[in-house]
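Undergrad: what follows is a predicted structure for the sequence shown.
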Amino acid sequence: QVQLVESGGGLVQAGGFLRLSCAASARTSSTYTMAWFRQAPGKEREFVGGVTWSDGDTRYADAVKGRFTISTDNARNTVYLQMSSLKPEDTAVYYCATSALRLSTVRGMYRNWGQGTQVTVSS
């Protein structure tokens with residue numbers, strides 16, 4: 001099973017930026033797409049954005065469009081989530097996940113999950 005390790009979370013002021021990383025232990029058929037989800041206290045885990053490795057196609061949730069950008073480093077099997085203009089409502093634990101299927105916003109389509117990294121945005 002592919003292991004995913006997230007890093008880069010922390011505390012930042014509103015309007016600031018952070019870059020999260022998700023390193024996969026390998027690239028296999030199960031990592032066709034990679035996505036970021038987040039979960040705030042008391043809320044459901046929600047899709048943030050995702051990428052298809054083969055063609056770099058990306059998709060973002062409306063709440064983060066124009067502020068968050070996903071990029072990949074094929075040599076390092078790593079996906080990045082660049083977050084800018086951060087808002088207090090972006091505070092959550094951020095998870096990366098992989099799927100063998102085409103890019104989807106549905107949590108259940110992803111089988112491998114990282115341990116999560118906390119992002120806290122102060123006002």
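TA: Yep, that arrived.
Undergrad: please make it C-alpha for all contacts and neighbour counts, starting now.
TA: Fine.
Undergrad: tell me the confidence at residue 60?
TA: Looking at residue 60, its pLDDT is 98.
Undergrad: tell me how far the most centrally placed residue in the chain lies from residue 123.
TA: For the chain, the residue nearest the mean C-alpha position is residue 36 (2.3 Å; CA atoms, centre = their mean). Per CA to CA, to the nearest Å, residue 36 is found 23 Å from residue 123.
Undergrad: residue boundaries of the strands in the protein?
TA: 4-7, 10-13, 18-24, 33-39, 46-52, 58-60, 68-73, 78-83, 92-99, 112-113, 117-122 (DSSP state E).
Undergrad: and residue 105, which of the ones you listed is closest to it?
TA: strand 46-52 (5.5 Å; CA to CA).
Undergrad: tell me which other helices or strands that closest one touches.
TA: strand 33-39, strand 58-60, strand 68-73 (3 or more CA pairs under 8 Å, 6 or more residues apart in numbering; DSSP states H and E).
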